[in-house]
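In: make a model of this:
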Amino acid sequence: MTLKIDIDGGAGDAPYEQVRAQIAEQARSGALPAGYKLPTVRGLAESLGLAANTVAKAYRALEGDGVIETRGRNGTFVAAAGDAAARAVSAEARGFAERARRLGLSQEEALAAARDALRAVYGGSR
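Out: Numbers count the residues shown, from 1 in each chain. Okay, the predicted model is just below:
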């Protein structure tokens, strides 16, 4: 197993977002298992032809999402992302539900709003 990242210069997403999304997806799918040691910021930046700050920004976002963890001088590793991601999304969903209720929306109205937001982000007509 190795980290595979392809940067598309013509893509609508910024390079840091492409790095973030690809590492997150590989961690979520199991292609990068928990405990997998990621390259250093500088090493990955050099191999991708990106600025170190671009990769550092992606790593910070991934760490904030609980996908990776930095262990000081020992390096950066894939965390048990599924559990952390599920907890984070659950907390956000609860916050949304509480706010919708305070605003007086019915459960059906809140679900419709959530579905609209999901369609906007993920695309499709589900």
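In: Gly95: which element?
Out: helix 81-102 (DSSP states H and E).
In: that helix packs against which elements?
Out: helix 15-29, helix 107-122 (3 or more Cβ pairs under 8 Å, 6 or more residues apart in numbering; DSSP states H and E). (Glycine included, C-beta is placed from N, CA and C.)
In: ok so Phe77 is a strand residue?
Out: Yes: counting by DSSP: H, G, I helix; E, B strand; the rest coil, Phe77 falls inside a strand.
In: that one contacts Ile68, doesn't it?
Out: Yes: assessed by Cβ atoms under 8 Å, Phe77 is found in contact with Ile68 at 6.5 Å.
In: settle it for me: which of the two has more neighbours?
Out: Between Phe77 and Ile68, Ile68 has the larger neighbour count (other Cβ atoms under 10 Å), namely 25 against 15.
In: look at the closest residue to that one other than its chain neighbours and give its secondary structure.
Out: Closest residue to Ile68 apart from its sequence neighbours, by Cβ to Cβ, 6 or more residues apart in numbering: Leu62 at 4.5 Å. Three-state assignment for Leu62 (three-state DSSP): helix.
In: and for Leu62, the neighbour number?
Out: Leu62 - counted by other Cβ under 10 Å - has 24 other residues nearby.
In: residue contacts, it?
Out: Arg20, Ile23, Ala24, Ile68 (Cβ atoms under 8 Å, 6 or more residues apart in numbering).
In: measure it to Asp116 for me?
Out: Distance, Leu62 to Asp116, by Cβ to Cβ, to the nearest Å: 27 Å.
In: then Pro33?
Out: In this view, Pro33 and Asp116 are 35 Å apart by Cβ to Cβ.
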